[in-house]
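**Q** just to be clear, the model below is a prediction. Sequence and coordinates:
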Amino acid sequence: MTGLVIKLYKAFKNSWNGLKYAWRTQWAFRLELVIFVIAVPAALFLGKSTTQYALMISSVILLPMTELLNSSIETAIDRIGTEYHKLSGLAKDLASAAMVVAGINVLAIWGIILFERFF
């Protein structure tokens, strides 16, 4: 049991270090957390059911989550080398595209729920 607790502690510590690093170095991550802080109360106010709250909040949680993955891919590519390579550029573009898809997801979910509420 003690070994499991130590492993969990170390895993949490590594995750916390990643969050701190992202907060310090990634302006998009900071922006997405601000959006999250604003969106959660807005979702609770604008949604009409627990399902809508869950959809609205989970869609916004995907933004910083995807940003962390995007940043990790960019960091790994930069560790390999800073010179341009077609595949490195493609990997970064694909990670960035994931951010666009996450943003479209937010707009679609919020748009559908708000349209239903107000029209």
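**A** Here it is on my side, so go on. Numbers count the residues shown, from 1 in each chain.
**Q** residues in contact with residue 61?
**A** Taking C-beta atoms under 8 Å, 6 or more residues apart in numbering, we find residue 61 in contact with residue 36. In this view, the C-beta of every residue, glycine as well, is placed from N, C-alpha and C.
**Q** any idea how many residues pack against residue 32?
**A** Residue 32: 25 surrounding residues under other C-beta atoms under 10 Å.
**Q** then residue 71?
**A** Counted with other C-beta under 10 Å, the neighbours of residue 71 add up to 19.
**Q** and the helix or strand hosting residue 42, how far out from the chain's middle?
**A** Under DSSP states H and E, the secondary-structure element containing residue 42 is helix 27-46. Relative to its chain's centre, helix 27-46 lies at 11 Å (C-alpha atoms, centre = their mean, to the nearest Å).
**Q** I'd like the mean pLDDT over that helix, please.
**A** Mean pLDDT, helix 27-46: 97.
**Q** so which elements touch that helix?
**A** Helix 27-46 sits against helix 2-25, helix 50-80, helix 86-118, with contacts defined as 3 or more C-beta pairs under 8 Å, 6 or more residues apart in numbering; DSSP states H and E.
**Q** can you redo the ones you listed as a markdown table with distance to residue 31?
**A** Formatted as a markdown table, the helices and strands packed on helix 27-46 follow (distance: least, C-beta to C-beta, whole Å):
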| stretch | distance to residue 31 |
| --- | --- |
| helix 2-25 | 11 |
| helix 50-80 | 9 |
| helix 86-118 | 12 |
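**Q** packed most tightly, which of those helices would that be?
**A** Most buried of the helices and strands packed on helix 27-46, by mean neighbour count (mean count of other C-beta atoms under 10 Å): helix 50-80, with a mean of 16.
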